[in-house]
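Trainee: Got a predicted model here, sequence first, then my questions.
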Amino acid sequence: LDLVDNLRSLNPWWRGQPGPPLPTFRRWPFARLQHLLGHGMTPASVLRGPRRVGKTVLLRQLIESLIAEAVNPQRILYIAFDELPTLRDLDEPVLAIARWYEREVLATTFNTAAHEGRPAFLFFDEVQNLEAWAPQIKSLVDNHAVRVLVTGSSSLRIEAGRDSLAGRISTLDLGPLLLREIAELRFGHSVAPFWADNGLDAVTHAEFWRSAVERSREDREIRGRAYAAFSERGAYPVAQERPDRPWPEVADYLNETVIKRAIQHDLRMGARGVRRDEKLLEEVFRLCCRYAGQTPGASVFVPEIQQALGGNVGWNRILNYLRFLDGTLLVRLIPPLELRLKRRKSPSKVSL
């Protein structure tokens with residue numbers, strides 16, 4: 001009963017009621033997600049990215065858009081898997097909830113609804129919190145004509161499920177704000193992207209680069225303002241949409257909801273989680289922040305961490321923690337472009 005009440009509370013449009021107020025600003029993947037959801041090659045799509053970059057807002061904006069297009073609200077199911085403790089008592093919660101929704105809300109089978117030209121849209125938020133989520137999504141889309149969009153904040157756990165979903169899922173990565181998004185969110189200046197999606201053919205033509213130079217000159221002023229805003233407050237949406245709030249207050253909020261949440265929550269996930277060292281992970285992340293944009297290797301990390309923690313911590317262990325941070329999407333390790341195969345491989349560049 002509690003689970004049913006929670007599901008109905010998460011889907012107020014079933015009762016003709018609105019969802020929570022949403023910002024009018026839409027992040028860059030909105031149009032692409034609309035296409036994937038309605039006409040994509042695969043029945044399911046995954047939107048992955050770090051916490052607090054706007055994944056849930058995008059899902060809710062897509063739902064709002066579907067309802068505005070006169071899609072029957074009964075055809076829309078939204079579940080936030082990090083907000084329903086009652087799910088722990090369910091075996092195969094994705095399939096169990098889908099069966100309940102099909103019977104109690106949609107009031108017909110998924111396949112019948114699709115044959116009648118009114119397929120169901122299923123939104124699964126923070127799906128990485130579920131064990132064996134991928135086989136359940138696979139079973140759902142293999143046997144039922146539904147359109148599915150899932151989000152996840154852990155690259156490691158999302159990647160772990162992709163093998164069983166080959167050919168059934170499209171993946172889209174969402175990071176912090178782009179400069180043109182900062183220009184729109186902070187200053188109300190909309191800048192259309194110059195380089196279109198999947199537009200690799202364009203870069204082979206000289207005219208593309210001449211036009212790019214001209215476009216760069218036209219956008220110089222707003223680009224400079226956006227970069228100044230980025231340099232001042234970073235690129236997390238909450239930092240730019242609330243410029244009136246003091247930076248220490250915003251920084252504390254991001255530290256609690258993004259960094260500590262990822263380190264303390266994601267650190268303990270899985271069979272290996274209980275053996276991970278939280279202090280070591282925090283120190284590795286601190287050094288990533290210090291050397292962001294650089295290529296620190298063993299000669300930098302090992303002595304600084306040994307000095308800070310007072311122990312004999314080896315490079316291989318540190319490297320595993322760097323890869324774990326990359327998997328939580330807190331940092332991005334950018335491998336070097338080696339032009340000569342015989343050249344000794346350089347360390348990866350660290351990007352926040």
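Mentor: Ah, there it is.
Trainee: Mind jotting down where the strands sit in the protein?
Mentor: 44-48, 76-80, 121-125, 147-152, 169-173, 332-334, 349-351 (DSSP state E).
Trainee: who wins for proximity to I222 among those strands?
Mentor: Checking the strands of the chain against I222 by Cβ to Cβ gives strand 349-351 as the closest, at 23.9 Å. Any C-beta I mention is one placed from the backbone N, CA and C, and that applies to glycine too.
Trainee: thinking again about what came up before, if you average pLDDT over each of the strands of the chain, which comes out lowest?
Mentor: Confidence, taken as mean pLDDT, is least for strand 169-173 of those (a mean of 87).
Trainee: any residues touching it, and which ones?
Mentor: 29, 32-33, 36, 40-42, 44-49, 137, 158, 162 (Cβ atoms under 8 Å, 6 or more residues apart in numbering).
Trainee: and if you look at stretch 84-104?
Mentor: So stretch 84-104 is in contact with 2-4, 6-7, 77, 79, 81, 108-110, 120, 122, 124, 127, 130, 132-133, 136-137, 139-140, 144, 146, going by Cβ under 8 Å, 6+ apart.
Trainee: Go again with 6 Å.
Mentor: Identification of contacts with stretch 84-104 by Cβ atoms under 6 Å, 6 or more residues apart in numbering yields D2, L3, N6, L77, F110, Q136, L140.
Trainee: Which pair of the contacts of strand 169-173 spans the longest distance?
Mentor: Checking the contacts of strand 169-173 against each other with Cβ to Cβ, the farthest-apart pair comes out as M41 and G49, at 21.6 Å.
Trainee: circling back: out of the contacts of stretch 84-104, who has the most neighbours?
Mentor: Taking other Cβ atoms under 10 Å as the neighbour criterion, L77 ranks highest of the contacts of stretch 84-104 with 24 neighbours.
Trainee: For that residue, give the beta-bridge partners.
Mentor: Taking DSSP bridges, one obtains L122 as the residues bridged to L77.
Trainee: Please apply the same query to S170.
Mentor: Under the criterion DSSP bridges, S170 forms beta bridges with S45.
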